[in-house]
Structure formats: C-alpha cells, structure tokens
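Novice: coords please:
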Amino acid sequence: MGTLINGRYELDDLPIGRGGMGEVWLGHDTKLDRHVAVKFIRFPNGEQDKDYIRRFVRESRITARLEHPGVPAVYDVGSHEGRPYLVMQRIQGISVADLVAEQGALSIGWAAGIAAQVCAVLTAAHQASLVHRDLKPSNLMLQPDGAVKVLDFGLAAAPTLSDFSKITATGLPPGTPAYMAPEQIETNISGPATDLYALGCTLHEMLTGERLFTGSTSYDVWSKQVSHKPLPVRGVRDDVPADLEELLLHLLQKKPEDRPVSAQVVYDRLLPFAINLGPIPGILDPASTVSPTRMYGSMLGRVLTSTPATPPVGPVLPPAPTAESATPPAPPQRRPGEPSGIGRSELRRARAEASRLVGSSRYGQAAEVLAAAVAPAVTALGGADEDVVRARLELADALFEEGDYRRAGPAYEKLAQEQGSRVDLALHCRLRGATCRALLGETSEALRQLEALVRDETEAFGADDPRTLELRRQIGLLQLGAGQRHAAEQTLNCLLADLTRLHSANHPGAREIADLLSGLRQPDSR
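Specialist: Residues are numbered from 1 along each chain as shown. Sure thing, here's the model as predicted:
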C-alpha cells in the first residue's frame, strides 16, 4: 500500500514524472473506486508560501471550470504536508513528445489534426481568461481513439497585476525554453498570443521531428527565441503546403500582436490540412474498435451542417403552448411611489455574504451574489449611492479575482467614468480596467489607457509619488511584452534615472530596472 493522502487517495510507490514545477503520481481514489492522477506543485523557492497556496487554489478553481473534452477533469484540490496538490482524471495514451521521438516527423494530416484539437481547447481556455503558459509536446496526450488531451492546465496562470513586474528570484522565467515566446522570456508576461507561439513551436516539431531552436544552455535557446528568425519549414520538408508554412511563420512572429488574433482563427486555417488521418500502428486503436468518443464527435460534426429535412405537406399548425412558452403572469403591481429593487439593508446583507465568500476564495459565488443585488440596488438607490458604488466595486473585484476579465474590465471602466470627483477611486478603476485589457491580450489598448493614466496620476499625485513610479514600471514591462523594445528602453531608462535620483543606485527598485536594462542591451548573453 502506497501513501494515503487526505484519507482518500492512495498513491503508487513512485512518481511517474518530475519537473521544475511539480511531480505527478498515479493513484487510486478509495472513496469512489477510480484511478486518478495526483499532481503536487512545488513552491517557487522551495519554501512554503501562503500567498502561493492561496493563488494555487484560485487557479485550480478557474481550471476546474474549463469543461472541455480535450482537458482532463479536475476532481479535487488540497494540501498534504504543506504541499498543494491537484487530483485529476487519469489519461491513457502517448505524449506527442514521445510520439515524435519514436516515429519522427508526423504526417501533414496528423500534425495539423493534433494542432487543431489543441486550438479547440485553447479557444475554450482563452474565453475563460486562462492562459496555459507551458504548452509543449510533452503536455499533449494522444489517446488510442485519436483524441488529444491538453495536460497541465493546473499550472496555468490566471494572471494577476503582479505578473507584469514579477521577475523570479533567480532571474529565470518559468517555462520550457524551447516553447517560450519572446515576451514570456523577457518580462514573464503571458497572454493568449503566448500560447499560440508555443503551439507554433510544437507544430514545427511535429512537422520536422526537430525542435525549432536548440542550444547548449537555456540561455542560448532563450536568446534565439527572442532574436533569431525561424527557418521556413519547407526548407526541411518540401511536402509541407505553402499555406501551412505561412500559418506556422505567422504563429512564430516575435511580437504578440503580429500573431493570429485567436486560436479559433488558427483552427480554421488548420482544418484544410487535417485530412488523411490514417492509422498509427501501435498507437491508435484499429478501425474495427468501437470508439464512443469518435461516434460522439462525428455526430456533433453534423450539427448545423446537415441538409434540411423535407418540409411537411399540408398546413403547418403552431405548436401547442407549453408551461415554458405560455405567457408569463404579469408582475405584481407596485404601490404608487414605491421604488423597484432592493433596500439598503438587503444590499448590505448581500455585501456581507459576498465578503464571507471572498474570504474563502470563492470569488465566482461572491460575484453571483453581488450581481444579483447590484442592479436592483441601482434602481432603488441610484448608481451614485455610496453603498451601491462600494457593491459595484466589490463586484468588479470579485470578477477580477475569479479571472473573468471580460466582465471585470467594463465594470471598472464604467465606474471610472462615473467617479470623476473621487480621484483615487477613478484612478484605481482605470488601472484595473487597463490591466484587464492587457490580460485579455489587448495590449495596444491597455498601453493607451495606461499612458493616459500615468499623465493623470502625475497631475494628481506628483511625478515622484510611488504610485506614479510603479505605473511607469508597469508600462515599460508591458511595452517589452508587446515587443516594443525601443519604447520600453526609453521608459525604463527614464524611470531608472528618477529612482536613482530619489533613492540611490543601490535601491532594490533601481537595481531591478538596471538589471533588466542590462539584459536588454546584451540579448546574446542569455
């Protein structure tokens, strides 16, 4: 009998895989009598970090919402002897890394077919504001029925504002060098376009059997990712169609905004090449094997594409009314002068309940409670009421912490527009709104908003205020992540001069900027 954790999960004697960010064990759920995989996450510096655990739980909950056939289900999350873990669906099959290692370059059809399935998963993830950050062949599992599972979403980042300025204690960005985008290497910033770059590296490897860039050290590979142009794949394999090579080079653009606009667009461009998906001996089940998954997928493929049925002969009668289609009863009449909505005491109870849920990191439920209360409270009390404004801000914050940046961003922006007389609140909401834009990959608009914000913060607080200085750093790092190297150097050089003037060259903030600029001036030293 192996180690038993949480009185429920019995682990095998040895882990099946170890990496810099964690280790995976196979195990058995003794409560539900099923096989599982348990992934333990390592702390960044090897020491227990409460904030890291809190964030891990938050990210796990976001990941668990990602319900897609191409993603292993998340069953449970917990901590054992101070180490957080995820319990997930156990997947059978072979990793794409092992498949390429065993068989070399894949057929055009299978390379495109695997990449297209990954795009379907990325579309779902990016719609949920979830970025994988470590997409690579070893995280893609080809199952015997031909379906692909994208692994390790438990390590994905639902980014926070601090990610824009976070440089690891070792100075080394997290990830696998051979599949990391330039912006991820230089600034630790990841967005949907970062995953598309990694997909390009993976597609190149499937088509050629070789990694896009190699080197004797991680620094060598990082340098090539940042500064070397990829060689056209048709120079290695002449049967690759020109349009597929064009797509591959599009994915591998150095600047995020120069890559395809979405995984869905990449999916559509891959489909024409995902043909002739014949057997892979020893890997796929034979055609005679019944596959419920392929049956299900085949039927879904007919939705909205089938030939319309022959119209019926004779008069068409309207459907009989049902309980659902019947005219709803008229709402109860309010007394004259009685406002609709909820009162102040009900709103405060909703805010208190949401606060309790936030305290347990249950941000999605907190957002639901607040969303149900805010609209009727605006009707009854007005949008400018102090309690209503606080509830609206708490709703935006809950959505932000939940990773729902598509709803949080507009909520912050509307609050900022309405709070002209409350400078601190308006500036805070503008910063959060711009951050949502950046985390959704809308880098240009985020930079435009942040540059306007830094001008207003300078006027409100002064050029030397810590808030203004920090915002300038965020802008410089975001410029780097967007591939605007020259603009980033200008921003960071000016910031370094001011930090040195205000403090000293040995100030931690000044040293961090100086180290970053030094790396930018000597890219080949990586």
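Novice: every contact and neighbour count from this point should use C-alpha atoms.
Specialist: Will do.
Novice: list the residues that contact Pro241.
Specialist: Arg234 (C-alpha atoms under 8 Å, 6 or more residues apart in numbering).
Novice: try Ser291
Specialist: For Ser291, the contact set (C-alpha under 8 Å, 6+ apart) comprises Asp145.
Novice: so how far is Ala120 from it?
Specialist: 20 Å (C-alpha to C-alpha, to the nearest Å).
Novice: ok, and what's touching the helix or strand harbouring Gly78?
Specialist: For Gly78, the element it lies in under DSSP states H and E is strand 74-80. Applying C-alpha under 8 Å, 6+ apart, the contact partners of strand 74-80 are Ile5, Asn6, Val57, Ser60, Thr63, Ala64, Pro84, Tyr85, Leu86, Val87, Met88, Gln89.
Novice: beyond that strand, next helix or strand please.
Specialist: Counting by DSSP H and E, what follows strand 74-80 is strand 83-89.
Novice: so how far is stretch 71-91 off the chain centroid?
Specialist: With C-alpha atoms, centre = their mean, to the nearest Å as the basis, stretch 71-91 stands 19 Å off its chain's centre.
Novice: can you tell me the average pLDDT over that stretch?
Specialist: The average pLDDT within stretch 71-91 is 88.
Novice: report the buried residues of that stretch.
Specialist: 71-74, 77-78, 84-89, 91 (16 or more other C-alpha atoms under 10 Å).
Novice: who are the contact partners of Ser355?
Specialist: Here Ser355 is in contact with Ala366 (C-alpha under 8 Å, 6+ apart).
Novice: just confirm it is within a helix.
Specialist: Yes - checked against DSSP: H, G, I helix; E, B strand; the rest coil, Ser355 lies within a helix.
Novice: which pLDDT value goes with it?
Specialist: Confidence score, pLDDT, at Ser355: 95.
Novice: next one: the one 5 residues further on
Specialist: In this model, Ser360 is scored at 80, pLDDT.
Novice: count the neighbours of it for me.
Specialist: For Ser360, the count of nearby residues is 12 (other C-alpha atoms under 10 Å).
Novice: start at 607 instead
Specialist: That works, and once the first residue is 607, the last one we named lands at Ser966.
Novice: for it, phi and psi?
Specialist: phi -100, psi 10 (degrees, to the nearest 10).
Novice: what's the spacing between it and Gly688?
Specialist: Relative to Gly688, and taking C-alpha to C-alpha, Ser966 is found at 18 Å.
Novice: for the buried residues of stretch 677-697, give me TSV that also has distance to Val980.
Specialist: Formatted as TSV, the buried residues of stretch 677-697 follow (distance: C-alpha to C-alpha, whole Å):
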residue	distance to Val980
Val677	35
Pro678	36
Ala679	33
Val680	32
Val683	32
Gly684	33
Pro690	35
Tyr691	36
Leu692	35
Val693	36
Met694	36
Gln695	38
Ile697	43
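Novice: low-scoring stretches of the stretch 707-856 of the chain, by residue?
Specialist: 760-780 (pLDDT under 70).
Novice: per-domain residue ranges of this protein.
Specialist: Annotated domains of the chain cover 610-695, 700-885 [automatic domain parsing].
Novice: of those, which stretch is the most buried?
Specialist: When the domains of the chain are scored by mean count of other C-alpha atoms under 10 Å, the highest mean neighbour count falls to domain 700-885 (a mean of 20).
Novice: which residues of the protein fall in strands?
Specialist: With strands called from DSSP state E, the chain shows them at 610-611, 615-617, 623-625, 628-635, 640-647, 680-686, 689-695, 700-701, 746-748, 754-756.
Novice: closest to Ala978 out of these?
Specialist: For Ala978, the closest of the strands of the chain is strand 680-686, at 28.2 Å, according to C-alpha to C-alpha.
Novice: hmm, back to that, strand partners (parallel or antiparallel) of the strand holding Gly684?
Specialist: strand 689-695 (antiparallel) (DSSP bridges).
Novice: angle of the partner strand against strand 640-647?
Specialist: 150 degrees (axes from the mean of the first three to the mean of the last three C-alpha atoms, to 10 degrees).
Novice: so what touches strand 689-695?
Specialist: Taking C-alpha under 8 Å, 6+ apart as the rule, strand 689-695 contacts 641-648, 654, 659, 662, 666, 678-685, 760.
Novice: so for stretch 1046-1057, what gets flagged as buried?
Specialist: Result for stretch 1046-1057 [16+ other C-alpha under 10 Å]: buried residues Leu1046, Gly1047, Glu1048, Thr1049, Ala1052, Leu1053, Gln1055, Leu1056, Glu1057.
Novice: what sits against the first one?
Specialist: Read that as Leu1046. Leu1046 neighbours (C-alpha under 8 Å, 6+ apart): Ser735, Gly797, Pro798, Tyr1011, Arg1012.
Novice: next up, the contacts around the second one.
Specialist: When contacts are counted by C-alpha under 8 Å, 6+ apart, Gly797 is found next to Val737, Ala1044, Leu1045, Leu1046, Gly1047.
Novice: phi, psi of it?
Specialist: phi -140, psi -180.
Novice: what about it, distance to Arg1043?
Specialist: 11 Å.
Novice: out of the buried residues of stretch 677-697, who's nearest Arg875?
Specialist: Val677 (22.1 Å).
Novice: torsion angles phi and psi at that closest one?
Specialist: Dihedral angles (degrees, to the nearest 10) for Val677: phi -130, psi 130.
Novice: is it true that it touches Leu757?
Specialist: Yes - counting by C-alpha atoms under 8 Å, Val677 does reach Leu757; the two are 6.7 Å apart.
Novice: hmm, Arg987 is touching Leu953, no?
Specialist: Arg isn't right for residue 987; it's Leu. No - Leu987 is not in contact with Leu953 according to C-alpha under 8 Å; the separation is 10.0 Å.
Novice: compare those two and say which is more crowded by neighbours.
Specialist: Per other C-alpha under 10 Å, whichever of Leu987 and Leu953 has more neighbours is Leu953, with 22 against 19.
Novice: and the pLDDT for the more buried one?
Specialist: For Leu953, pLDDT reads 94.
Novice: which residues does the nearest residue to it once chain neighbours are set aside contact?
Specialist: Spatial nearest neighbour of Leu953, excluding adjacent residues (C-alpha to C-alpha, 6 or more residues apart in numbering): Ala979 at 6.2 Å. The contact partners of Ala979, taken as C-alpha under 8 Å, 6+ apart, are Ile948, Leu953, Ala956.
Novice: how far away is Ala979 from Thr985?
Specialist: Distance from Ala979 to Thr985, by C-alpha to C-alpha: 10 Å.
Novice: also Phe1006?
Specialist: 24 Å.
Novice: these two: which has the busier surroundings?
Specialist: Of the pair Phe1006 and Thr985, Phe1006 is the one with more neighbours under other C-alpha under 10 Å, namely 27 against 14.
Novice: how about the contacts made by the closest residue to that one other than its chain neighbours?
Specialist: Distances taken as C-alpha to C-alpha, 6+ apart put Ala1014 closest to Phe1006, at 5.5 Å, once the chain neighbours are dropped. Taking C-alpha under 8 Å, 6+ apart, we find Ala1014 in contact with Ala1002, Asp1003, Leu1005, Phe1006, Gly1039, Cys1042.
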